[in-house]
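In: pasting the structure only:
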Ligand SMILES: C[S@@+](CC[C@H](N)C(=O)[O-])C[C@H]1O[C@@H](n2cnc3c(N)ncnc32)[C@H](O)[C@@H]1O
Ligand code: SF4
């Protein structure tokens, strides 16, 4: 895990070519390496059989692929699987595989814990323990046993993508580049609370779908639920989003956890309509997944349906998102590895 060798996984084509040149190999070997990794998902440099034995040996002296298998997998009765992957620095992150009819979505993590400290989120309760490298993020895809079944990736696991933006952009570049996974950006959604400057950069430099965690259209209430509101308010976020086109390939959605008696009133619904007026977007209503010691509870089904119908009838297309993997604590906002780290250190 703590290999002194550098990881090839996570390197762009340019970087792979430069690495080859530095080792005295032709630059096109970089393209061959990219193909072996990003198309064939090889686990060992020695499996790259169209590279000469001599060059494979040279490469293996300085580099490893950098992939690490999950050390644990928990299976939900609904088919969801939660994996525990090691990181470059001996920590762990959770990744959730969600099969559904003809789709299979992977919910990936980008940090160990999170700095944003949203009141309702178990990852926030863990505190911040570090950001993942591009290798760590891509490894959750690369080393997934179901990698060939994946249709979608969502950055909705542990951590705030805008707080690890360079690595998110490198990861999405490799996932969408012709030399990489060659996925359409339409298959990737990045979820964020909104972080000043970072969100703008993401919107400029990526074509992936965007999901914004809204949770309240009322500034003071959103700040009480999500301290990140003080850094970038929901009205600033929406004004920024109005500069981009979401009417074609790229999709914009807003996530809204419905808390009973807190943010589920008709006034809230009216404010959401006002806030999102004229924006090409959809709203996903999410059931609150209860966190120990947090004095919030989810709204009942009837109220969620009323909210959905109100918003949809006011031209804000709204759906209720199904909760998956709740029995194994894999649903939105339930991911935390603080206990795992303690348990694993104890076992060692
Ligand atoms: C865990 S976050 C990760 C992505 C990013 N940090 C964000 O907040 O958008 C993914 C989604 O889960 C939601 N979430 C967090 N805690 C939750 C909970 N206890 N129940 C339901 N959804 C939750 C977040 O609000 C967000 O929309
Ligand atoms: S909801 Fe997202 S931003 Fe908020 S604490 Fe959880 S992971 Fe961080």
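Out: Perfect, thanks for sending it. These numbers come from a predicted model, not from an experiment. Ligands and ions are numbered 1, 2, ... in the order given.
In: count of residues packed around residue 143?
Out: By the criterion of other C-beta atoms under 10 Å, residue 143 has 20 neighbours. Any C-beta I mention is one placed from the backbone N, CA and C, and that applies to glycine too.
In: Wait, it touches residue 67, no?
Out: Yes: using C-beta atoms under 8 Å, residue 143 is in contact with residue 67, at 5.0 Å.
In: Would you point out the helix or strand in this protein whose mean pLDDT is lowest?
Out: When each helix and strand of the chain is scored by mean pLDDT, DSSP states H and E, helix 338-347 comes last, with a mean of 55.
In: hmm, who's touching the longest strand anywhere in the chain?
Out: In the chain, with assignment by DSSP state E, the single longest strand is strand 92-100. Surrounding strand 92-100, the residues in contact under the criterion C-beta atoms under 8 Å, 6 or more residues apart in numbering are 70-71, 79-87, 104-109, 111-112, 132, 136, 140, 144, 146, 149, 157-158, 324-325, 330, 335-337, 340-341, 344.
In: let's see it at 7 Å
Out: 79-87, 104-109, 112, 132, 140, 144, 146, 157-158, 324-325, 330, 335, 337, 340-341, 344 (C-beta atoms under 7 Å, 6 or more residues apart in numbering).
In: from what I can see residue 189 touches residue 209, true?
Out: Yes: shown here, residue 189 and residue 209 form a contact pair, counting by C-beta atoms under 7 Å, at 4.1 Å.
In: what's around the residue in the stretch 1-150 of the chain that ligand 1 sits nearest to, how many residues?
Out: Going by C-beta to the nearest ligand atom, ligand 1 is nearest to residue 121 of the stretch 1-150 of the chain, at 3.5 Å. Neighbourhood size, residue 121 [other C-beta under 10 Å]: 25.
In: and if you look at residue 128?
Out: Quick note: residue 128 (other C-beta under 10 Å) scores 17 neighbours.
In: Please check the contacts of strand 92-100 and keep the buried ones.
Out: 80-87, 104-109, 112, 132, 140, 144, 157-158, 324-325, 330, 335, 337, 340-341, 344 (16 or more other C-beta atoms under 10 Å).
In: domains for this structure, by residue range?
Out: With domains defined by the TED database, the chain comprises 6-64, 72-344.
In: Pick the most buried one from these.
Out: domain 72-344 (a mean of 19; mean count of other C-beta atoms under 10 Å).
In: what does this structure put close to ligand 2?
Out: For the chain, the residues found near ligand 2 under the criterion C-beta under 6 Å from any ligand atom are 114, 116-118, 121, 123-124, 159-160, 193, 333.
In: By pLDDT, rank the residues you listed and give me the bottom one.
Out: Lowest in pLDDT among those is residue 333, which has 69.
In: Kindly indicate whether the nearest residue to residue 193 once chain neighbours are set aside is helix, strand or coil.
Out: Closest residue to residue 193 apart from its sequence neighbours, by C-beta to C-beta, 6 or more residues apart in numbering: residue 228 at 4.2 Å. Classification of residue 228 by DSSP: H, G, I helix; E, B strand; the rest coil places it in helix.
In: contacting residues for residue 228?
Out: Listed by C-beta under 7 Å, 6+ apart, the contact set of residue 228 reads 116, 193-195.
In: which one among the residues you listed gets closest to ligand 2?
Out: residue 116 (3.5 Å).
In: circling back: and the furthest pair within the contacts of residue 228?
Out: Largest separation among those by C-beta to C-beta: 116 and 194, giving 10.1 Å.
In: Next one: the residue nearest to residue 193, what pLDDT does it get?
Out: With respect to pLDDT, residue 228 scores 98.
In: Kindly provide the distance from it to residue 19.
Out: 37 Å (C-beta to C-beta, to the nearest Å).
In: One more: residue 285?
Out: For residue 285, the distance to residue 19 - C-beta to C-beta - is 47 Å.
In: Where do the helices of the stretch 151-300 of the chain begin and end?
Out: With helices called from DSSP state H, counting those that start in this stretch, the stretch 151-300 of the chain shows them at 165-176, 198-205, 219-225, 234-241, 266-276.
In: could I get those as CSV with mean pLDDT?
Out: As requested, those are arranged in CSV below (pLDDT from 0 to 100):
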stretch, mean pLDDT
helix 165-176, 98
helix 198-205, 98
helix 219-225, 98
helix 234-241, 98
helix 266-276, 98
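In: Redo those as a markdown table? Include distance to residue 256.
Out: Output for the helices of the stretch 151-300 of the chain, formatted as a markdown table (distance: least, C-beta to C-beta, whole Å):
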| stretch | distance to residue 256 |
| --- | --- |
| helix 165-176 | 23 |
| helix 198-205 | 18 |
| helix 219-225 | 11 |
| helix 234-241 | 11 |
| helix 266-276 | 7 |
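In: This completes my enquiry, with thanks.
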